[in-house]
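S.K.: The sequence isn't on hand, but the structure is:
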């Protein structure tokens, strides 16, 4: 689907460097650096948020301390968001309008499956986790087959599977969550722990960061930066046609991206079950769903919606930025207002970043 | 340049009319058929479903059951009319649910707290919706970013605004004057709910506009090839803006319908998830997600089908959430059909 | 033979010049076209034809020169000016809206109205009138244009131009995509337009056709118009001579091709609708050229060898074994590599570094266990190839988008050389490449052949074909029709490709 003037990715900037002219001043170079190196921009924004919130704290505007302990604790929410954003990274990078709107409902459905296997049927934990991951991959494969093999447009397809999976998640246990004692015990998976050796002087970090987030980040980063699959993924996202002509298996590569997204969603489902000590049928679909913040974080992290561009470091920084921004907002406003302003922040960030990404691609040929 | 009209046009030079197409038969067929193949299929499916459900649960085919169905359909179909315009012009709008929340809460509070007369409240709702739609339209037409991303963002922004206006409560004491669009006896004529009639009227007007006026046809051109449309002299950006503004205005009116069909209390869940139902109705109705193809009639039928499935599921005593599963499958089938049609088209060299 | 009855002067362009940066696309062009005549415009690729047309259609403005339309001096500063004057262009790819009907396409933006609504009956009547004028049967005016054949779509494009009261119609290679019978219909349409007083500029490489339809021909060469001549009394060969001029073939060091069984053989190869009965053989160390005009089927032959569209008849043999490549991946496994013709669309990964562009497609080779990319090895291979092909770049990490045309073409070529291919197919190897890099690439190709690769060069650049090929096969009408050796002249080849000997066929 096109917009009135889609920022075409396969129409690269002229082959010879065109910003010739005189050596740009240092201000312009700094601006260019900030706009094209997304990590730089994110770090700056992160610092701005931290400083601003801390200042508000000193001014007495916050209802609680915005301190390292609080921030470390807030990372509990960063884990699922970052992981899902990485899932979206894979899918969006694969190009041809790649996007996955169903990822939140995959979380809900695999969460329920996990809950049934572990809680109701009493399977051993590793096996139940494996099942969740497999089911997630399978659900992702449905998306992948439709989009990559059959050529369905990703947007409407994942919208339809969102519908379907969400309904299944609600129906599978008659809308009731599963919170057997076993499952409740999973809460310890996500609680905060003291880091050994150096732990005394730094705040307690949620365990999930180490058991879920870090391994995921490492795996996805390795996948994209060091494996042949990663190269192929960027190739098909950059130029579908050239990839075919170079002998890259385009359909298979793209399909695997959707499967991988589903697998990640399955892992997130396990985490979220532990986080809330219950397998909830609307785990990923309550409110506006988890897909929306995941996509927002990906776009904020520098992922180009047209494909072929995106980095794990950017997405990770973006996830932390959003999490700490949200955490600050919660302290800034009382009661319900807090969650409302989070909505505002998310919406404004998405619109602004999308405009920025499009401009950066047009002017500089993309972010790095 | 005037062609030397030496000989008049010979025979009507039309191929023998194909049996599968309906259309006015008066000499050479100059107008596109009224109803397309997909719409006939939809009509058949809906009819079939109604028959089956009527047999399975006799209560289904009664006025008491069909009328609420039409009342439920009205807001979805109405927004769907606008969404058809948006998608035909190769855009999309997932913020309509949040738009409905804003329009809904403003209308409700005007009625309850400011005791504003109904017609004025309706007008305000429509205008507010149009304004929200304009925000989308401007960002998309001039911002050069994909519509999905922009409307994802405005989804959040509008929701924020809506919640702010709600405060943290609900709006209670919605007056009975609203019943003219709602369930009560006041809300119908000849057994058909006003809201549905109004929707049908508006849908008919837009259908006519899309079929018969240059402006309407230009939307299809934009969806087919925006660049070529620009070269042909069409003001693409303005037309795209218009699609979002119209959608917003229709959301405003639908909000009134939605409040009317509810209770005297309006809570913050109004509009939640509506965008999916609307988009599903449009796609199932035969509009291509790629743009350039589609009809309002199909959308109304699509909304009817979605609602029939939902009512049917309830009537049969199945878990209500199962209807979403069916809708998802129907959307896939509709998209697949559209893809096949495009491929078949391209195979004709 | 077409009757050269021209009317009053419709268009006169004098002293036109246009340069793009340092490149002079047009040095000097003069052309006069009479109303009610068909005026052919011919020239090799790069001679300036398309630039001249762009100036006429308003897509670009001339740097200098004057244009007169119907005797009045005019300025064409944009497409609206051109349209306002009555200049319409019909390109090969019909620019129509596939989902809209014939009637809507023709009247888009200037619909006939009846109050607020479209007057369908009036539009339909006008469509019938237009198509009658063109001598074309009226199809269902409400069917979406996308369901019509390409030839019919072209007719709709022409009707659309007519509806806009075109006085000068430019047809850019209209016959390239048509079958013979469709071409007959097209010519009928053109004759009707002539009778109606429209001036027509007909651009084509198919010189033989011109004798059926054109009254005069203007030849362009190296950015200048060489002259305008009446078609009567000319032959294809003479036109070819004018197009090519007196360029002597450059001296090339003699190459001896070792005698060995052919590495690549095509036997009666055919792809339904595109080409048929193609026979050729390439020995290891030999460079065989395939030359054909647009629409001759020559590009498709290369695609079939590479597996993009598997053949429907005949066979391909590599090293004596019959094979049937079904995809580029498969072709590569068979030892066939191909450099694509359209670098930007089919070859380059724009924002990625050079090393990425070289290693893609060979990742299995440059990795451990086919999973883990061996970056040191990739870097080595890339650096070696950069050196070998003399790519001007500070490092292999530079994004390919920052390179010039010639250098990025070398990178895409390097990709084909990571694994020494048995058969290397090069499609338009120096398109969009500057003269210096062109020389270098030709030397690289020579070198590859010297190493024993069987090289097949598919090109529409005639001097290039003659320069590097040991043998040159000409493709016309979907099949190989002639073979030339090292001593062939440009005129011979061009004449053969453009239909020498067929001038006698008349309307």
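M.R.: Perfect, thanks for sending it. This is a predicted model, so every value here is computed, not measured.
S.K.: so who does residue C:171 touch?
M.R.: If you count contacts by C-beta atoms under 8 Å, 6 or more residues apart in numbering or on different chains, residue C:171 has them with C:90, C:158, C:190, C:200-203. C-beta coordinates here come from the backbone N, C-alpha and C atoms, glycine included.
S.K.: could you redo these as a markdown table and give each row pLDDT?
M.R.: Listed next are these as a markdown table, based on pLDDT from 0 to 100:
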| residue | pLDDT |
| --- | --- |
| C:90 | 89 |
| C:158 | 88 |
| C:190 | 90 |
| C:200 | 94 |
| C:201 | 95 |
| C:202 | 94 |
| C:203 | 92 |
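S.K.: In strands, which of those fall?
M.R.: C:90, C:200-203 (DSSP state E).
S.K.: Can you tell me which of those residues are buried?
M.R.: When the ones in strands among the contacts of residue C:171 are checked for burial by 16 or more other C-beta atoms under 10 Å in any protein chain shown, the buried set is C:90, C:200-203.
S.K.: Next, the closest residue in space to residue C:226 that isn't next to it in sequence: secondary structure please.
M.R.: Closest residue in space to residue C:226, ignoring its immediate chain neighbours: residue C:219 at 4.5 Å, by C-beta to C-beta, 6 or more residues apart in numbering or on different chains. Recorded secondary structure, residue C:219: strand (DSSP: H, G, I helix; E, B strand; the rest coil).
S.K.: picking up where we left off before, with the ones in strands among the contacts of residue C:171 in mind, which one is nearest to chain B?
M.R.: Checking those against chain B by C-beta to the nearest C-beta gives residue C:200 as the nearest, at 13.1 Å.
S.K.: what stretches of chain B score poorly on pLDDT?
M.R.: For chain B, applying pLDDT under 70 flags the ranges B:1-32, B:182-187, B:189-191, B:346-349.
S.K.: Which parts of it are strands?
M.R.: Counting by DSSP E, the strands of chain B are B:171-172, B:188-189, B:192-193, B:265-266.
S.K.: Dump the buried ones among the ones in strands among the contacts of residue C:171 into JSON lines; add distance to chain A as well.
M.R.: Formatted as JSON lines, these follow (distance: C-beta to the nearest C-beta, whole Å):
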{"residue": "C:90", "distance to chain A": "25"}
{"residue": "C:200", "distance to chain A": "33"}
{"residue": "C:201", "distance to chain A": "30"}
{"residue": "C:202", "distance to chain A": "31"}
{"residue": "C:203", "distance to chain A": "26"}
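S.K.: Next, format these as a markdown table and append distance to residue A:344.
M.R.: Putting those into a markdown table (distance: C-beta to C-beta, whole Å) gives the following:
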| residue | distance to residue A:344 |
| --- | --- |
| C:90 | 53 |
| C:200 | 62 |
| C:201 | 60 |
| C:202 | 62 |
| C:203 | 58 |
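S.K.: ok, the residue lying closest to residue C:228 once chain neighbours are set aside - contacts?
M.R.: Spatial nearest neighbour of residue C:228, excluding adjacent residues (C-beta to C-beta, 6+ apart): residue C:218 at 4.5 Å. Contacts for residue C:218 (C-beta under 8 Å, 6+ apart) come out as C:31, C:39-42, C:225, C:227-228.
S.K.: Which strand residues bridge residue C:218?
M.R.: residue C:41, residue C:228 (DSSP bridges).
S.K.: any idea how far chain A is from it?
M.R.: 32 Å (C-beta to the nearest C-beta, to the nearest Å).
S.K.: what's the answer for residue C:275, then?
M.R.: Distance from residue C:275 to chain A, by C-beta to the nearest C-beta: 20 Å.
S.K.: Pull the number of nearby residues for the residue in the stretch 201-350 of chain A positioned nearest to chain B.
M.R.: Residue of the stretch 201-350 of chain A nearest chain B, by C-beta to the nearest C-beta: residue A:347 (2.9 Å). When neighbours are counted by other C-beta atoms under 10 Å in any protein chain shown, residue A:347 registers 24.
S.K.: Just confirm it is within a helix.
M.R.: Yes - counting by three-state DSSP, residue A:347 is part of a helix.
S.K.: Kindly identify which of the ones in strands among the contacts of residue C:171 also come near chain B.
M.R.: Checking the ones in strands among the contacts of residue C:171 against chain B by C-beta under 8 Å from any C-beta of the partner chain, not one of them is in range.
S.K.: picking up where we left off before, can you tell me which of the strands of chain B is most buried?
M.R.: The highest average neighbour count among those, using mean count of other C-beta atoms under 10 Å in any protein chain shown, belongs to strand B:192-193 at a mean of 22.
S.K.: Give the partner strands of that one in its sheet and their orientations.
M.R.: Applying DSSP bridges, strand B:192-193 is found paired with strand B:188-189 (antiparallel).
S.K.: Does residue C:458 belong to a helix, a strand or coil?
M.R.: In three-state terms, and counting by three-state DSSP, residue C:458 is strand.
S.K.: quick one, what contacts it?
M.R.: Contacts of residue C:458 (C-beta under 8 Å, 6+ apart): C:289-290, C:298-299, C:301-302, C:341, C:425-428.
S.K.: swap the cut-off to 7 Å and go again
M.R.: C:290, C:298-299, C:302, C:425-427 (C-beta atoms under 7 Å, 6 or more residues apart in numbering or on different chains).
S.K.: out of those residues, which are inside strands?
M.R.: C:290, C:425-427.
S.K.: are any of these buried, and which?
M.R.: C:290, C:425-427.
S.K.: which intervals of the stretch 251-368 of chain A have sub-threshold pLDDT?
M.R.: Scanning the stretch 251-368 of chain A for pLDDT under 70 picks out the ranges A:335, A:364-368.
S.K.: Show me which pair in the contacts of residue C:171 is furthest apart.
M.R.: C:158 and C:203 (14.5 Å; C-beta to C-beta).
S.K.: what does the stretch 151-300 of chain B have sitting close to chain C?
M.R.: B:212-214, B:217, B:220-221, B:224-225, B:228, B:232-234, B:292-293 (C-beta under 7 Å from any C-beta of the partner chain).
S.K.: Quick one: which of the residues you listed is the most crowded by neighbours?
M.R.: Counting neighbours by other C-beta under 10 Å, the top entry in these is residue B:221, with 27 neighbours.
S.K.: Backbone dihedrals for residue B:318, both of them.
M.R.: phi -80, psi 160 (degrees, to the nearest 10).
S.K.: Against residue A:109, how distant is it?
M.R.: The spacing between residue B:318 and residue A:109, counted by C-beta to C-beta, to the nearest Å, is 18 Å.
S.K.: Neighbour count: those two, which is higher?
M.R.: residue A:109 (31 against 12).
S.K.: quick check, that one in a helix?
M.R.: Yes - under three-state DSSP, residue A:109 falls within a helix.
S.K.: So for it, what's the pLDDT?
M.R.: As predicted, residue A:109 sits at a pLDDT of 96.
S.K.: nearest spatial neighbour of it, skipping sequence neighbours?
M.R.: residue A:169 (4.1 Å).
S.K.: could you list every residue that touches the one you found?
M.R.: A:105, A:108-109, A:112, A:281.
S.K.: residues in contact with residue C:430?
M.R.: Contacts of residue C:430 by C-beta under 7 Å, 6+ apart are C:438, C:441, C:461, C:464.
S.K.: what about 6 Å?
M.R.: C:438, C:441 (C-beta atoms under 6 Å, 6 or more residues apart in numbering or on different chains).
S.K.: Assign it to helix, strand or coil.
M.R.: Quick answer, by three-state DSSP: residue C:430 is coil.
S.K.: What separation is there between it and residue C:413?
M.R.: 10 Å.
S.K.: Return the member of the buried ones among the ones in strands among the contacts of residue C:458 nearest to residue B:274.
M.R.: Using C-beta to C-beta, those come closest to residue B:274 at residue C:427, 52.2 Å.
S.K.: Specify the beta-bridge partners of that closest one.
M.R.: Assigned bridge partners for residue C:427, using DSSP bridges, are residue C:458.
S.K.: Taking chain B, what residue is nearest to chain A?
M.R.: residue B:156 (2.9 Å).
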